[in-house]
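In: Predicted model follows, preceded by the sequence.
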Amino acid sequence: MMDKNSKIYVAGHRGLVGSALVRVLEKEGYSKIIKKTREELDLLNQAEVDLFFAREKPDYVFLSAAKVGGILANKERPADFIYENLMIETNIINSAYKNNVKKLLFLGSSCIYPKFAEQPIKEEYLLTGALEETNAPYAIAKIAGIALCQAFNKQYGTKYISVMPTNLYGPNDNFDLESSHVLPAMLRKFDDAKRINKKEVVLWGTGMPKREFLHVDDLADACLFLMNNYDESEIVNIGTGEDLSIKELAQMIKEVVGYNGDIVWDSTKPDGTPRKLLDVSKLNSIGWKHKTELADGLKSTYEWYLDNKND
């Protein structure tokens, strides 16, 4: 269990996941949270990361820093996605070991699993088939991070755990149409269309693929729970165990935003993986279950977007 006075480093504290981790840690009374911006600490630079760990000596690390993006970004910049993610995780995990960090939690991604994995996806399906081509470089980097944690545990007796979240959404998400994921991109598109009275919104693909969505505050809560209650090298899925079609999601977001126009599906654009639902029975058996239902989460996320968007 983490002591309330423990020094906790949240890598990537300004991102979607990192900011949620800071919120939940502060809410639970952890007072010594270490936060560094990209300008203050270049995680791609091993010497800088080593110096930071030697100076700060964190007791615990949440490794949520990563280069992330949607289908388009992954397709156009594969070298950036594999290189930057490999460097970030390698530098932090190696420095954590050298500076006697008590425990580290590494955040992976559900895209590590095979494109056509049996559904729902169990943790043991990792490396049993080919990856989705559009984000394979990112997925390979995340798989390497898992392997790093497991290898350090095996060789050095460290306590580095790895979690695989499903699709996330919530405050501080990326709403940029060029690089965002499906849910925030839709929310932005419908809001833009509503404001200019656009008659239709064009969405990528057929709308048929099914996806699972977890509110980022629930993810943060699960990460804190696992940091305090789980020590094994085997990965743990974090999700709701429930999914819906992209078409159903679009309809829900359309209603939340209050957009009255039509939805047009551009089937010339890629759909990505046909279905991606995580088996969360392992996490449930350890003692954690999600709290935020999608309808409620969409409303609060839209409210946050309206309060924080730059017109």
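Out: Received, thanks.
In: now the strands for the stretch 1-150 of the chain?
Out: Taking DSSP state E, counting those that start in this stretch to define them, one finds strands in the stretch 1-150 of the chain at 7-11, 32-34, 60-63, 103-107.
In: tell me what the third one is packed against?
Out: Okay, so that is strand 60-63. Helices and strands touching strand 60-63, by 3 or more Cβ pairs under 8 Å, 6 or more residues apart in numbering; DSSP states H and E, are strand 7-11, helix 78-98, strand 103-107, helix 216-229. No exception for glycine: its C-beta is placed from N, CA and C like everyone else's.
In: same deal with the first one?
Out: Taking 3+ Cβ pairs under 8 Å, 6+ apart as the contact definition, the neighbouring helices and strands of strand 7-11 are helix 16-27, strand 32-34, strand 60-63.
In: list the buried ones in that strand?
Out: For strand 7-11, burial by neighbour count (16 or more other Cβ atoms under 10 Å) applies to 7, 8, 9, 10, 11.
In: Between helix 16-27 and that strand, find me the angle.
Out: Angle, strand 7-11 to helix 16-27, by axes from the mean of the first three to the mean of the last three Cα atoms, to 10 degrees: 160 degrees.
In: residues in contact with strand 7-11?
Out: Outside strand 7-11, the residues that touch it by Cβ atoms under 8 Å, 6 or more residues apart in numbering are 2, 18, 21-22, 25, 30, 32-36, 43, 56-65, 88, 92.
In: and if you look at stretch 153-163?
Out: 93, 96-97, 101-108, 145-146, 148-150, 152, 222-223, 226-227, 230-233, 235-238.
In: filter those to the buried ones?
Out: Buried subset of those (neighbour count, 16+ other Cβ under 10 Å): 93, 96-97, 101, 103-108, 145-146, 148-150, 152, 222-223, 226-227, 230, 233, 235-238.
In: who's in contact with residue 274?
Out: Counting by Cβ under 8 Å, 6+ apart, residue 274 touches 116, 208, 209, 210.
In: Now tell me which of these the prediction trusts least.
Out: pLDDT across the contacts of residue 274 is lowest for residue 116, at 89.
In: Test my guess that that one contacts residue 129.
Out: Yes - contact criterion Cβ atoms under 8 Å: residue 116 and residue 129 qualify, at 6.1 Å.
In: what stretches of the chain score poorly on pLDDT?
Out: Applying pLDDT under 70 to the chain flags residues 311.
In: in it, which spans are helices?
Out: Here the chain has its helices, by DSSP state H, at 16-27, 46-56, 71-76, 78-98, 136-156, 182-195, 216-229, 246-257, 281-286, 294-308.
In: what's the first one packed up against?
Out: Translated: helix 16-27. In terms of contacts (3+ Cβ pairs under 8 Å, 6+ apart), helix 16-27 is packed against strand 7-11, strand 32-34, helix 216-229.
In: Can you lay out those as a markdown table showing distance to residue 184?
Out: Formatted as a markdown table, the helices and strands packed on helix 16-27 follow (distance: least, Cβ to Cβ, whole Å):
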| stretch | distance to residue 184 |
| --- | --- |
| strand 7-11 | 21 |
| strand 32-34 | 25 |
| helix 216-229 | 11 |
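In: of all these, which lies closest to residue 112?
Out: Nearest to residue 112, of all these, is helix 216-229, at 15.8 Å by Cβ to Cβ.
In: Point out the other helices and strands that the closest one packs with.
Out: In terms of contacts (3+ Cβ pairs under 8 Å, 6+ apart), helix 216-229 is packed against helix 16-27, strand 60-63, strand 103-107, strand 160-165, strand 167-169, strand 236-238, helix 281-286.
In: Give me the buried subset of the contacts of residue 274.
Out: For these, a burial check counting by 16+ other Cβ under 10 Å picks out 209, 210.
In: mind listing which of the contacts of residue 274 are in strands?
Out: Members of those lying in strands (criterion: DSSP state E): residue 210.
In: one step back: please work out which of the helices and strands packed on helix 216-229 is packed deepest.
Out: Stretch with highest mean neighbour count among the helices and strands packed on helix 216-229: strand 60-63 (a mean of 26; mean count of other Cβ atoms under 10 Å).
In: So what touches it?
Out: 2, 6-12, 18, 21, 88-89, 92-93, 96, 101-107, 145, 223, 227.
In: run the last query once more with 7 Å
Out: 2, 6, 8-11, 21, 89, 92, 96, 101-107, 223, 227 (Cβ atoms under 7 Å, 6 or more residues apart in numbering).
In: same deal with stretch 93-109?
Out: With contacts defined as Cβ under 7 Å, 6+ apart, stretch 93-109 is touched by 17, 49-50, 53-54, 57-64, 89, 139, 142, 145-146, 148-149, 152, 156, 158-165, 223, 226-227, 235.
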